[in-house]
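J.: Attaching a predicted model along with its sequence, questions to come.
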Amino acid sequence: MTARLKETSIELEVPFRHVDMMGVVWHGHYYAYFEQARTELLRACNLDAGDLIGARFVFFVIESKCRYAHPLYYGDRIRVTAWLKDIQHRIHIAYEIRNLTHENRSARGHTILATTDLEKNLLLETPDAIRRRLLA
């Protein structure tokens, strides 16, 4: 298992609007849950849109993956954990969704973020200013 450089978790309740006619969460909503946890992780590093990001750099997702294990249902309580796996050349964030209601893992996944400057030039290494915040 790879070391987790920094980690955060959020807890949510699955809303009715996220389920289909069978009461199962539509697969695309898992990415929204990942995004909520990623936002909290980056905010904890002072890398929200109004901080260093937006003023000097832009992040964009270049890869995403979700591996589903058990479905989520309306009203389930879930914990979404996000952690940094690698930050050298891109920012690799891994995720796990645990269903607290049914006590199982519902999904694992990741997103990989690339960094550009404000002129949209791809940066081949994560800038030191960002790395320092991620490791603080």
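T.: Perfect, thanks for sending it. Numbering: from 1, shown residues only.
J.: Give the buried residues for stretch 35-46.
T.: 35, 37-39, 41-42, 44-45 (16 or more other C-beta atoms under 10 Å). Heads up, the C-betas are built off the backbone N, CA and C, glycines and all.
J.: Contacts for the helix or strand residue 61 falls within, please.
T.: Here residue 61 sits within strand 57-68, counting by DSSP states H and E. Residues outside strand 57-68 that contact it (C-beta atoms under 8 Å, 6 or more residues apart in numbering) are 27, 30-31, 34, 53, 90-91, 106-118, 120, 123, 127, 130.
J.: which neighbours does the helix or strand following that strand have in its sheet, and in what orientation?
T.: Per DSSP H and E, strand 57-68 leads on to strand 77-86 as the next helix or strand towards the C-terminus. Sheet pairing for strand 77-86, assigned by DSSP bridges, gives strand 7-13 (antiparallel), strand 91-99 (antiparallel).
J.: Determine the longest strand present in this protein.
T.: strand 104-117 (DSSP state E).
J.: ok now do the residue sitting nearest the centre point of the chain, which residues does it touch?
T.: Nearest to the mean C-alpha position of the chain, counting by C-alpha atoms, centre = their mean, stands residue 38 at 3.2 Å. With contact taken as C-beta under 8 Å, 6+ apart, residue 38 is in contact with 82, 93, 95, 111.
J.: Look at the last one and report its pLDDT.
T.: I take that to be residue 111. At residue 111, the pLDDT value in this model is 97.
J.: from now on call the first residue 898
T.: Noted, 898 is the first residue going forward, which turns the last one into residue 1008.
J.: which residues does it bridge with?
T.: residue 961, residue 990.
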